[in-house]
Structure formats: C-alpha cells, structure tokens
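Enquirer: Show me the folded form of this:
(one chain, ligands or ions: 2)
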Amino acid sequence: MIIVQLSDLHVRPPGVLAYGRVPTNDMLREAIEHVNALRPRADVVLATGDLVHAGDIEEYAMLRQLLAGLSTPVYLVPGNHDDRGNLRKVFADSEYLPDTGEYLQYSVEDHPVRLIGLDTVIPGKAGGELCLHRRAWLEETLAAAPERPTVVFMHHPPFRTNIDHMDVIGLEGAEAMGRLVERHPQIERILCGHLHRPIQVRWRGTLASTAPSTAHQVVLDLRRGTEGAFALEPPGYQIHVWSRDTGLVSHTAMIGRFDGPHPFADDGTGGVG
Ligand SMILES: [Fe+2]
Ligand SMILES: [Fe+2]
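Expert: Ligands and ions are numbered 1, 2, ... in the order given. Next comes the predicted model:
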C-alpha cells in the first residue's frame, strides 16, 4: 500500500498569491502531476491541513477543482488556516467526512493500513488542540481495531520541533494524547503538517513526523525566540510505503526539475549508491 501525504497546500482564489508572493495553486498543480506520475501508483492521498490559506469558500472551490486532477482518492483534515464550515460545504458529497458533529474526524477502513484523520482546529487560533471530546473519539476508534496497523494523521504535531515560533503554536492536549497513544501499539505512525518541513521523532511508543509543504517552507532556524519566516526552498511531500514484511517506510519526494536521472557507471569507486 502506498500512502502519499500532501501538506499545507495553502490554496488561494484563482490568480491570487499567498503572502503576495507564493503561487500556491500552481505549486499544488505540480505536486499533483508528480503524484500522478508515481509508479507504482499511490493508493491514497492524505492532505494534512492548511488546505487553503484564508478559509474562504472560493478557495475551497479552487481546492476541489485542483484535487480533481488527482488520479487517487484523497482524504482531507483541516489545519489552522481552514474553516470547517466552508470545507464541509464544498466537500459535502465526500463520503468519508462526518455529516454530524462539530469535528472533521473519521477513519478509513478499506485498506491494509487503517487511516484515522484527526481535527486539531481551534477556530480563530494558529495553535491547535486535541480536546477531551476528540481524544475520547480517538480512544474509542483505536480500541475498535487493536490488531490492525494504523496511521493517525492530523495537522498540528503533538511534539516539540525546536523551531520555536512554531512550537508556540503547537498542540494543546499533547500530553494526554501521548498517554492514549502509548496504550495503542498498533499505531505505526502519526503523520502531521503545520511545520512546512520534514521532521521526525520517536514519540510515545511510535514515530511521529511532519511533512514538507507543497508550497513555501518554514525556514530552518533552531534558535530560541526568533521571528518566523518562510522560504521558497524546493517543495515536497511524503510517500509512506506499507508492506507486512517491511512495516511502514517513509520517503520524502522533492518536487522540481533536477538534473538526472543518470546511470551509476562502474568507475571503480565502490559501485552503486
Ligand atoms: Fe501551513
Ligand atoms: Fe498550520
């Protein structure tokens, strides 16, 4: 099973740049082309929040139009730039999104790896939360299939990244989530967004990670107390490959035009790789 993770798409209305500078829609189009060209093909695409930039209905219409170009089913969870109401309106016919209740949380049962999407949004805030209600739902959902390998996906990571200005807008309820996660060893991975960079950590008996953005990246700055900034480093996405033999193996794909591929010529230096 091949799980593609796209994150932080920050889609804008047609012709509008994010922060007056980033052509997020064109960049998502390129990401989708890249994903469609994967062989073997991806089985599912997970989009881990900040799907659009301002939460406007016009942006969700644009997102829907762009995602229609994917040749793979896509599952969305919201981030701090999203608006649940507008997301629901535009994707009302999506079978996986819950029709009732406040939160956009759900599980996908029809693959070898069980997928659980979480909603970490606090409306109007940059930081996120997994409140008592959402944790109770997660506990119940995990308890329903303790033997099945499971991927949890969400926008705000439950771990500190050492990128200070992003940690300040992290996840409330992370400690309680950690205790819950420890009780469910079937969790292969917790896949997150928000950081606009690939970051990994061993966390509460599993692995947790963030993904690059398909658009702008957060500057790699590990100093305390600095202002946040973004840069147009190469965009990317994650590919998580599952088999019983290997478990879940994660790759980072970079999107762009690069020199190569070139064959490994035998030049007597130790061979391939
Ligand atoms: Fe983002
Ligand atoms: Fe975010």
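
Enquirer: Can you show me the helices along the protein?
Expert: 24-36, 57-67, 84-90, 132-143, 164-167, 174-182 (DSSP state H).

Enquirer: Tabulate those (JSON lines), appending mean pLDDT.
Expert: Output for these, formatted as JSON lines (pLDDT from 0 to 100):
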{"stretch": "helix 24-36", "mean pLDDT": "98"}
{"stretch": "helix 57-67", "mean pLDDT": "98"}
{"stretch": "helix 84-90", "mean pLDDT": "98"}
{"stretch": "helix 132-143", "mean pLDDT": "98"}
{"stretch": "helix 164-167", "mean pLDDT": "97"}
{"stretch": "helix 174-182", "mean pLDDT": "98"}
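
Enquirer: can you redo these as a markdown table with distance to ligand 2 and mean neighbour count?
Expert: Any C-beta I mention is one placed from the backbone N, CA and C, and that applies to glycine too. A markdown table is the format used below for those (distance: least, CB to the ion, whole Å; neighbours: other CB atoms under 10 Å):
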| stretch | distance to ligand 2 | mean neighbour count |
| --- | --- | --- |
| helix 24-36 | 13 | 20 |
| helix 57-67 | 15 | 19 |
| helix 84-90 | 14 | 17 |
| helix 132-143 | 17 | 15 |
| helix 164-167 | 8 | 18 |
| helix 174-182 | 15 | 16 |
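
Enquirer: and the stretch 101-250 of the chain, which residues reach ligand 2?
Expert: By CB under 5 Å from the ion, the residues of the stretch 101-250 of the chain that approach ligand 2 are His194.

Enquirer: Pick out the residue of the stretch 101-250 of the chain closest to ligand 2.
Expert: Nearest to ligand 2, among the residues of the stretch 101-250 of the chain, is His194, at 3.8 Å (CB to the ion).

Enquirer: pretty sure that residue contacts Gly79?
Expert: Yes - if you go by CB atoms under 8 Å, His194 and Gly79 touch, sitting 6.2 Å apart.

Enquirer: how about Ser250, what does it touch?
Expert: Arg189, Gln200, Ser209, Gln238, Ile239, His240, Val241 (CB atoms under 8 Å, 6 or more residues apart in numbering).

Enquirer: List the contacts of the closest residue to Asn162 other than its chain neighbours.
Expert: Leaving aside its sequence neighbours, Asn162 sits nearest to Leu222 (CB to CB, 6 or more residues apart in numbering; 5.1 Å). Shown in contact with Leu222 (CB under 8 Å, 6+ apart): Asn162, Ile163, Asp164.

Enquirer: what's the distance between Leu222 and Glu59?
Expert: 32 Å (CB to CB, to the nearest Å).

Enquirer: okay if I get the helices of the chain as a markdown table plus distance to Thr120?
Expert: Shown next, in a markdown table, are these (distance: least, CB to CB, whole Å):
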| stretch | distance to Thr120 |
| --- | --- |
| helix 24-36 | 21 |
| helix 57-67 | 19 |
| helix 84-90 | 12 |
| helix 132-143 | 8 |
| helix 164-167 | 14 |
| helix 174-182 | 10 |
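
Enquirer: Format the ones you listed as CSV; extra columns: distance to ligand 1.
Expert: Shown next, in CSV, are those (distance: least, CB to the ion, whole Å):
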stretch, distance to ligand 1
helix 24-36, 10
helix 57-67, 13
helix 84-90, 15
helix 132-143, 20
helix 164-167, 10
helix 174-182, 18
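
Enquirer: closest to Asp110 out of those helices?
Expert: In terms of CB to CB, the element of the helices of the chain nearest to Asp110 is helix 132-143, at 15.2 Å.

Enquirer: which other residues reach the closest one?
Expert: Residues outside helix 132-143 that contact it (CB under 8 Å, 6+ apart): 103, 105, 107, 116, 118-120, 130, 150, 152, 173, 176-177, 180, 183-184, 186-187.

Enquirer: Which residues are in contact with the most centrally placed residue in the chain?
Expert: Nearest to the mean C-alpha position of the chain, by CA atoms, centre = their mean, lies Thr48 at 2.8 Å. By CB under 8 Å, 6+ apart, the residues touching Thr48 are 5-8, 77, 79, 153-155, 191-194, 211.
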